[in-house]
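Visitor: Need a 3D model of the following:
(3 chains)
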Amino acid sequence: MKTASASASAEAAEASVRAGGSTRWGRLWKNRWLYVLLAPGLLYFLIFKYVPMWGVLLAFQNFSPFHGFWKSEWVGFEHFRVFFTNPEFFMLLRNSLILSFYNLIFFFPAPIILALLLNEVRVALFKRTIQTLVYVPHFISMVIVASLTYVFLTTEGGLVNELLDRYFGFKISFLTDPAWFRPIIILQTIWKECGFGTIIFLAALASVDVEQYEAAIIDGANRWQQMWHITLPAIRSTIVILLILRMGDVLDNGFEQIYLMLNPLNREVAEVFDTYVYFMGITQGAFSYSTAVGLFKSVVGIILVTLANWTAKKFGQSGIY
Amino acid sequence: MRQAKRWAAILTALMLAVSLLSACGGGKANDPGSGGDAGGSGESRESRTETGESNAGTGGDAKAPEPEPPMEISIMLPIFKTNYPSDDSPVVQEINKRANVKLHFEWVPNSSYTDKFNITLASGKLPTIIYVPDVKNPNFVNAVRAGAFWEVGEKMKNYPYLSQANPVIMQNSSIDGKNYGVYRGRALGRNGINYRKDWLENLGLEPPKTIDDFYNMLKAFKEQDPDGNGKDDTYGMVLVKWTGQWASGFDIIKLWFGAPNKWGVVDGKLVPEHETPEYLEALRFMKKLYDEGLINQDFAVFDSAKWNDPVVNGQAGVIVDVTDNAARLDDAIHRMLAEQGKDQPDVHFVDNMIGVVGDHGLRALPTSGFAGLLAIPKSSVKTEEELDRVLAFLDKMNEPEMQTLANFGIEGVHYTVEDGYAVRISDTVKLESEVEGLNQMLPFIPEDQGLKVKQTPLRIKTEELQKEAEQYVVPNPAEPFISTVYSQKGQQLDNIINDARIKYIVGQIGEEELLKAFETWRRSGGDDLVKEMNELYAAANR
Amino acid sequence: MRHYRTIPGTIFDICNCLFLGLFALAAVLPFIYVFAGSFASDTELTRRAFFLVPERFTTAAYEYIFSTDTIVRSIGVSIYVTTVGTLINLFFTVTMAYALSKRHLAGRNFVLNLVVFSMLFGGGMIPTYLVVRELHLLDTYWALMLPGAISAFNLIIVKNFFQEIPAELEDAAKIDGCHDLALLWRIVLPLSMPVLATFTLFYAVGHWNNYYSALLYINEPSKWPLQVILRQIVMLSQMAAGDLNAMDPNFEKPPDQSIKLAVIVVGTIPILIVYPFLQKHFAKGVLLGSVKG
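Guide: Prediction:
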């Protein structure tokens, strides 16, 4: 059974052989088709990602769309100063991180588990039906989700509270109590994105060599052992890469969902960088400010991604590279 | 075999090259091709005027000896529906004919208008007339200060209609004391109380006159089963979570207690509203209403899109909001009853009033009196003569016939006249693709003098009410000021006050903590704000 | 293959199916509400907060939607952009991912760093807009398809999938005289069908749901894709009554709630249908027997 790292090192060893020839030009020529394949994508990144990269500098200006880049005044680190000395900064940081953390712990495993469960289903029709049904919520607009959340959870006639009141005699202010905000967000996310998230794992599971299962059965492995020793390792590299990439988004919390569920009573746990920047943008029309905050997020993201990648390598996984 | 693969590779590369080239080519083909600048069809079209003033069709003014070619005008406007009138709709053609212009509309879904506005500013490709939703938008202000837009305040005095502009509104829509666009007029005295008349009558009550009457009305609505269905399922007033700039119910109610509108003047200085004792009194009143269950208990999360529903559904009896909402509520109730077969078409279920009286007399919350500006960029209108022609067009659109045209369409085609009122045809799709939305470009200066929709007694009353309310409005003395402190910290400061007052009302915090929050406001920049506003105030009143 | 019964196994199966069934039901219930609501009258929607079957069935909302060109045309635009756009995505992504999956390629790490960096740092809305404008792509469909041609995230994952393909397969082909292009086309791609199906789906959904690009780059209303219209309708009904200040003083009422739901149905069903068609590519056993020993 080959693991990713085994094949990686084997390939590396043969790399110089494949690369062929002693001269650098010889190698380039040998791989010319690969470069041809590389060209379109590379061009894309250069044109659409790197040419506009100067936009990052907006963070150091007081950008006015009318004046344009060259004529807007430069303010250095002013925006960052305002941002970091904002008394709410730590609240925003805390909220963003905690939400992301919850998301990582509770939401990230959910599609994996769901994919594994689906994998165990033997009746193809049932499996396909369930697969299609669970991926529907991804397409329902967040606005509807928020609206239905209200219908179910409000204290005034909401279904859940009506039941609670009738059978247990009390109501819970789900929507205004700060303590419920994070759980509700996570539950919404799981409901909405779990099904869609299984797709990538199902694809990985589909690539598993069926013969391995047969061999395992012959060796007497039960279903649990099959899953542990064959299924999980097969999707392990996918899990790892998704985890690493997820690190880059740690300060992103999904603006629309939070904005819809935010209200003055839960603001102290609900307000995150994304909503903060949005509201600043309204009063300021501030491209520069939001670019500055975005830059901050990017820097944090890249540090975490690099760290995560390095950690993964230490454990013998292939990481991004 | 290998040959075939090689050809496949060459073909792929060729395809790629072709696709990139055609991207450029396709783009160019779509480009209207007016000289000089790059860009898509978002450009404005220049016009070449021959002589100075134009005022085709109204007669009486100095006319140019030969008729001028129609001026090409492009306008960027928000669209509130999904269908929009195209440039060749018959109504547009008619407007073109009468005003001697050639209109091109750039419709933008209003939900994304601000984004599009910012991008348009950045692109440098502005239309002849652009609607500016928020005159205080810093991007707009910066552009104005950089000279991007024509100052029109002075020029407006030269035109028959535009010169009748309301000076208060002109001031409200000014930047640094000058006007950089024609404001789109809206009723000033729009806010008041909407209530269910039938409930009042069922309970044998009179419309409230004082705050105490108002309180008693709400109490009665809650406790005395006003809809007579034997169930304890009604309450007084419905409030929503959105406490934005226009009427949150509370902002209207606070005035009854004598609190100022955002800023008050005490001893010649500006004082923020929440630092007045009357504001606190109003807050206590709201808390009382909440504690006694006279307001929906989940108002802090109640979606503003559903604001009308509880009244239509028979759960609540009062909405404190714009008074023209009464007609809408009434229609909705009629529709609901009609579906159940219980309608009484001639009865009005909803009524409205300006407000109730406390110790300070009748006080009403004004709107700013306008809904955005129609600004004219210097980059697309290059000479003063062209500016004059554009202003003449905007002026002409204030003529009653033109207002009717843009509001309703062509008589006989889109509406018929009954008893002097316009009755729209029922083909909403036709209306939407030919007419609806055109009225976005109307400045309504001095007011809407066109045909009106069939006036029910309620609508007639509403109009009179709104006019009457103008005497009682309490203006915000700081309305025209643009504050740098506010643009940096405004959102935060507002949040401190807003969160505190809502928490106080629902009982999450007590009065002590409320006052502490006001202190925090001061410390977090409120101090600077008050100082700055007072400087601006002093300068303006010198 | 794995079929052999045990009691715990069967219990597990039953519980599993029950759980999955319930989860699927919870997932689809709100959509049933949206679907049912689109066939209900507005007053009913005001009266009943949540229901699964309308009391009175009416197709008024759909009649309204399909009576003009606007929505129908925007659906056409969306279909066009999604189809062609996804093909473009696949072309760019697969070629680059395959090239980058070869560890021995000189310059590979440099390019990968470029990609990862661009994933986290970006110029933002205005510079990208200016690039699109300079390329004369404004108001064209290309503006909806090219600026998002590759998602760095997708690229990295596809690349990783390619790296997983056993080297022996490629070696065997090379010995037979295949060069890289042929290798990609005849061997690697057929083996990667699940991956390709997945990312076809991801890109297609991305295109279908994208309104922001159209908002920025398209001025011509006839070129608006469906999501622009949909968002407009949904946002419109979110407006508070006070916002009406900005609108027509004669304005009567916001769009019917039922129209909002109907547009959502129309906007969702086409893309929902795509998935079952791609599902057959998630079948197992693709690698069966390809590597011996």
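
Visitor: next helix or strand past the helix or strand of chain B with the lowest mean pLDDT?
Guide: Counting by mean pLDDT, DSSP states H and E, chain B has its least confident helix or strand at helix B:2-30, which shows a mean of 40. Going down the chain from helix B:2-30, the next helix or strand is strand B:71-79, by DSSP states H and E.

Visitor: quick one, helices of the stretch 101-250 of chain B?
Guide: With helices called from DSSP state H, counting those that start in this stretch, the stretch 101-250 of chain B shows them at B:113-123, B:138-145, B:153-156, B:167-172, B:197-202, B:211-223, B:249-256.

Visitor: whoops, I mixed them up, the stretch 151-300 of chain A
Guide: Going by DSSP H, counting those that start in this stretch, the stretch 151-300 of chain A shows helices at A:159-168, A:178-206, A:210-218, A:223-226, A:232-247, A:255-261, A:267-270, A:273-284, A:287-314.

Visitor: So which of those is nearest chain B?
Guide: The minimum distance between chain B and the helices of the stretch 151-300 of chain A falls on helix A:273-284, with 4.4 Å, by C-beta to the nearest C-beta. Placement of C-beta: from N, CA and C, glycine included.

Visitor: Show me what the helix or strand where C:A143 lies is packed against.
Guide: According to DSSP H and E, C:A143 maps onto helix C:142-145. For helix C:142-145, the packing partners by 3 or more C-beta pairs under 8 Å, 6 or more residues apart in numbering or on different chains; DSSP states H and E come out as helix B:2-30, helix C:69-100, helix C:212-217.

Visitor: Show me the strands in chain B, by range?
Guide: Applying DSSP state E to chain B gives strands spanning B:71-79, B:101-109, B:129-132, B:182-185, B:191-196, B:235-237, B:263-266, B:269-272, B:316-322, B:350-353, B:370-375, B:415-418, B:421-424.

Visitor: Make JSON lines from the ones you listed and add mean pLDDT to it.
Guide: Listed next are those as JSON lines, based on pLDDT from 0 to 100:
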{"stretch": "strand B:71-79", "mean pLDDT": "89"}
{"stretch": "strand B:101-109", "mean pLDDT": "89"}
{"stretch": "strand B:129-132", "mean pLDDT": "92"}
{"stretch": "strand B:182-185", "mean pLDDT": "90"}
{"stretch": "strand B:191-196", "mean pLDDT": "89"}
{"stretch": "strand B:235-237", "mean pLDDT": "88"}
{"stretch": "strand B:263-266", "mean pLDDT": "90"}
{"stretch": "strand B:269-272", "mean pLDDT": "90"}
{"stretch": "strand B:316-322", "mean pLDDT": "87"}
{"stretch": "strand B:350-353", "mean pLDDT": "88"}
{"stretch": "strand B:370-375", "mean pLDDT": "89"}
{"stretch": "strand B:415-418", "mean pLDDT": "86"}
{"stretch": "strand B:421-424", "mean pLDDT": "83"}
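
Visitor: and A:W224, how many neighbours?
Guide: The number of residues packed near A:W224 is 11, by other C-beta atoms under 10 Å in any protein chain shown.

Visitor: for the chain, which spans come out with low pLDDT?
Guide: I went with chain A, as the question did not name one. Across chain A, the ranges flagged by pLDDT under 70 are A:1-22, A:281-286.

Visitor: Chain B was what I was after
Guide: Using pLDDT under 70, chain B drops low at B:1-67, B:242-247, B:542.

Visitor: how does it divide into domains?
Guide: By the assignment in automatic domain parsing, chain B contains the domains B:1-30, B:71-186+B:371-408+B:434-446, B:191-365+B:452-481, B:483-542.
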